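curious how this folds, go ahead:
(one chain, ligands or ions: 2)
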Amino acid sequence: MSTEEQSIAQVVSDHLRDIPDFPEPGVAFKDFTPLLSDGAALAAVVRDIADRYRGRVDHIVGIEARGFILGAAVAYELGIGFVPVRKAGKLPGETLGVEYDLEYGSAHIEVHADAFVAGAHVLVIDDVLATGGTAEATCTLLERAGAEVVAFEAVIELGFLEGRAKLAGREVHTILTV
Ligand SMILES: O=P(O)(O)OC[C@H]1O[C@H](OP(=O)(O)OP(=O)(O)O)[C@H](O)[C@@H]1O
Ligand SMILES: Nc1ncnc2[nH]cnc12
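Numbering: from 1, shown residues only. Ligands and ions are numbered 1, 2, ... in the order given. Here you go, the predicted structure:
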C-alpha cells in the first residue's frame, strides 16, 4: 500500500465509529456520519475516489441510501451524471428490479429501465461492502439495464464477510478494510 493509500485509509479510520447491536443484536454497525460531517475529510475521500475513474466512466451509480451521498459528490467532482439505485417502490418511472440478501435481512432494489444508453460505462459507489449481496445484485441489475459496470467502489470493507468473493472478475476498490 502506498503512503497516499495509507493516509486516506487513516482518514477514514479516524472518522468511523462502531455502533454495537445496530440494526439488530450481533451486528457491529460501521457508522461513517463522522466522516460526512468533516468537510476536509469528506473532500479528501471524494477526490481519492474520483481520481481513480477520471475519463473512464459516463455515470456514477449510487446505492440507496448512503451510496447516494458519496456517489453524488463523486459525480459532481467528475462533472458527470448520477443514477440512483433505490429500494423498491421509490422510483417513479418504469423500473427493473432484483432481490438479494444482506448482513441483516433482505432487500429489493430498482433502477429506471431507461437510465442508460446501451454500453454506458458506470462506476457503482456505496459506503460499505459487507456480504457483497447489495453490490452483486446492483451490478447484475445495471447490466440488465444495458450498462457496462467498470468498477465497484466502497469506503469500508468488512473483510471477514468476504463480500469481495461475490464480485470475482470485477474491478473492486475499497479504501479501508476492517
Ligand atoms: O454487502 P451487503 O451485505 O449487501 O451490505 C452492504 C449494504 O448494506 C448497507 O445498506 P442498507 O441495506 O442497510 O441500506 P441503507 O443504506 O438504506 O441504510 C450498506 O449501505 C450497503 O448498501
Ligand atoms: N456492519 C455494517 N455496518 C454498516 N453498514 C452495513 N451494511 C451491511 N453491514 C453493515
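
excluding its backbone neighbours, what's nearest residue 35?
In this structure, residue 35 finds its nearest non-sequential neighbour in residue 15, 3.7 Å apart by CB to CB, 6 or more residues apart in numbering. Where C-beta positions appear, they are placed from N, C-alpha and C, glycine not excepted.

what about the one you found, how many neighbours?
Neighbour count for residue 15, taken as other CB atoms under 10 Å: 20.

residue 58 and residue 80 touch, don't they?
Yes: contact criterion CB atoms under 8 Å: residue 58 and residue 80 qualify, at 6.3 Å.

which bits of the chain sit near ligand 1?
Listed as neighbours of ligand 1 in the chain under the rule CB under 6 Å from any ligand atom: 63-66, 102-103, 107, 126-135, 163.

how about a cut-off of 8 Å?
By the rule CB under 8 Å from any ligand atom, the part of the chain lying against ligand 1 is 23, 63-67, 87, 100-105, 107, 126-137, 154, 158, 161, 163.

just those: which are in helices?
Members of the residues of the chain next to ligand 1 lying in helices (criterion: DSSP state H): 66, 67, 133, 134, 135, 136, 137.

pick out the most distant pair among these.
Largest separation among these by CB to CB: 66 and 136, giving 17.5 Å.

quick revisit: among the ones in helices among the residues of the chain next to ligand 1, which ones lie close to ligand 2?
Contacts with ligand 2 within these, counted by CB under 8 Å from any ligand atom: 66, 134.

quick check: neighbours shared by residue 58 and residue 80?
Common neighbours of residue 58 and residue 80 (criterion: CB atoms under 8 Å, 6 or more residues apart in numbering): none identified.

gap between the residue nearest to residue 35 and ligand 1?
Residue 15 is 16 Å from ligand 1, where distance means CB to the nearest ligand atom, to the nearest Å.

for that residue, give me its contacts.
32, 34, 35, 38, 41.

for residue 144, state which of these is nearest.
Closest to residue 144 out of these is residue 32 (29.4 Å), distances taken as CB to CB.
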